[in-house]
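In: let me see the structure of the following:
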Amino acid sequence: MRILIGIAGGIAAYKTITLVRRLVEAGAEVRVVMTEAAAQFVTPLSLQAVSGHPVRMQLFDAEAEAGMDHIALARWTDQVVIAPASADLIARLAQGMANDLLTTLVLATTAPVTLAPAMNRQMWAHPAVQANVRTLLSRGVRLIGPASGAQACGEVGAGRMVEPEDIARQVLETTPASPVDWRGKRVVITAGGTREPIDPVRFIANRSSGRMGFALAAAAAACGADVRLICGPNALDTPPGVTRIDVETALQMAEAVSAIESMDVFIGAAAVADYRVAEIAPQKMKKDPAQPGLTLHLVPNPDIIATVARRANRPFVVGFAAETEQLLRHAAEKRIAKGMDLICANEVGDGRAFDQPDNALTLIWSDGSQQLPLAPKATLATEIVAIIDELMRRTE
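Out: I've put the predicted structure just below:
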C-alpha cells in the first residue's frame, strides 16, 4: 500500500508523526508532503525519520523528479490522506486551487482523498467551512472526523483531529492491495434506476438501488482509475476517489455519458428505463371517477450501452442483464445485440438482486463465461474488475 500523507498548518500536526508510524508498522509505504504552515508546528526531519523518505514541501523543486514532483507523487499513491486538514486547506481544495505542492497533487491524482479536519470549534461550525466541506464530499472526498473534546485554545467542542491510531485503522481498511493497476485509465459507470416523470409528482421507476454500480465504482477507484459515476436517484454515499454525476431520467443519463468524450472502460450497471412517457402532464393528473382507467403513451428511451459500443474510439463495454427466466440465453443474445465485450447476468424477482446487499452473477464474453456465486456486491465488484482487466490484456 502506497499512502501519501499531507499535513496542513495546525497544532494537531504533531500527531501526524504517530499516524505515519502506525501506517509504516502496518506495512504501508508512506510519503509525506507538508505545507509551509505545517513546518511551523512539526519539522520535516521528524516526518522523514518515521517515514523513511524525504519530505516534500516545494512545488517548484528542480531536484525532485525533474521538477514534476506533483505528477510523480500523484501517480505513485494509492490514497491521499491529509491530517490535519485546516480550514484554509479545505477552502483551497474546495475552490480547486493549486498554489502549493499539496493542493496541486490533489488535483493531479486519481487516488481517493481523505481529510481529517482539525480546527477551532467555531471555525468548524462556520457556514463557509461547512459549505466547503459539502463541496468536497460531493466530489467524493472522504472525511474522518472531526472529533469533539478539549481543544488547544481551551475551548471544548467539535474540531479536534481524530486520534492517529483511529485514522490509521480507517485508512488501512479502505486501501486494499489490488493486483489490478488502472492508474491512467478512465472508467465510466452508470448505476441505479431512472425516474421517468408522468406529471410533476408521479414517475415510472424500478427497484434498482444502485449498490452494484457503486461497488464497481469503488473497486475501480481502488485500482487507481479515474472513475466517473453517473447515477440515478439513490441514498448511497459516493465512494472515495469517485466523481459523481447525479441524473434523474434516462435521457439525462444518456446526455451525461455522451458528454464524456474518451473512456477506457464503460460499465452500464444502471437499470435504465426502457420507455418514458411521450408527453409529461404539466400539472398533477387528477383521478377521474367517471373514467374506467388511464392509458399512458410510452416511447422508447435511447440505448446507452449500444450507443457507447458504436463509438469510433470504442472503450471496453460491460453491461448487465437482469432476467426472470431463460437467463443465459437472454443474456448472451443481449451481449451480441448491443455489442458488449462482457455481460453480467443475474436472475431477479422473488427478492433477488434488486435492493439486496448480495448477488450471484454469470459473466459471459465472446469465447467464455464464469460463474460468481452469491457474495456481497463489493466482493463481486472486485472480481468483475479483475476479469475485465484480464480480458483487456488479451486484446492488447
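In: CA atoms for contacts and neighbours, from now on please.
Out: Noted.
In: now do stretch 41-49: distance to the chain's middle.
Out: 32 Å (Cα atoms, centre = their mean, to the nearest Å).
In: and for it, what are the contacting residues?
Out: In this structure, residues lying in contact with stretch 41-49 by Cα atoms under 8 Å, 6 or more residues apart in numbering are Gly9, Gly10, Ile11, Ala13, Tyr14, Ile17, Val20, Val32, Met34, Pro54, Val55.
In: look up how far Leu294 lies from Lys287.
Out: 9 Å (Cα to Cα, to the nearest Å).
In: kindly apply the preceding question to Pro302 instead.
Out: 25 Å.
In: so for those two, which residue has more residues nearby?
Out: Neighbour totals were compared for Pro302 and Leu294, and Pro302 leads with 17 against 7 (other Cα atoms under 10 Å).
In: in the protein, which helix is the longest?
Out: Counting residues, the longest helix found in the chain (DSSP state H) is helix 377-395.
In: that older thread, what is in contact with Lys287 and Leu294 at once?
Out: Common neighbours of Lys287 and Leu294 (Cα under 8 Å, 6+ apart) do not exist.
In: tell me where the stretch 251-396 of the chain has strands.
Out: 265-268, 275-277, 298-300, 316-323, 342-347, 358-365, 368-376 (DSSP state E, counting those that start in this stretch).
In: got the domain ranges for the chain?
Out: If you go by automatic domain parsing, the domain ranges for the chain are 2-173, 186-395.
In: from the chain's centroid, how far away is the longest one?
Out: This means domain 186-395. On Cα atoms, centre = their mean, the centre of domain 186-395 falls 16 Å from that of its chain.
In: hmm, who's touching the helix or strand bottoming out on mean pLDDT in the chain?
Out: Taking mean pLDDT, DSSP states H and E as the measure, the chain has helix 69-76 as its least confident helix or strand, at a mean of 76. If you take Cα under 8 Å, 6+ apart as the criterion, helix 69-76 is touched by 2, 4, 59, 61, 65, 101-102, 104-106, 108-111, 183.
In: are any of the contacts of stretch 41-49 buried, and which?
Out: The neighbour-count criterion (16 or more other Cα atoms under 10 Å) marks Gly9, Gly10, Ile11, Ala13, Tyr14, Ile17, Val20, Val32, Met34, Val55 among those as buried.
In: about what we covered before: so for Leu251, which of the strands of the stretch 251-396 of the chain sits nearest?
Out: strand 275-277 (9.2 Å; Cα to Cα).
In: other SSEs contacting that closest one?
Out: Contact here means 3 or more Cα pairs under 8 Å, 6 or more residues apart in numbering; DSSP states H and E; on that basis strand 275-277 packs against strand 196-197, strand 298-300.
In: no more questions from me, cheers.
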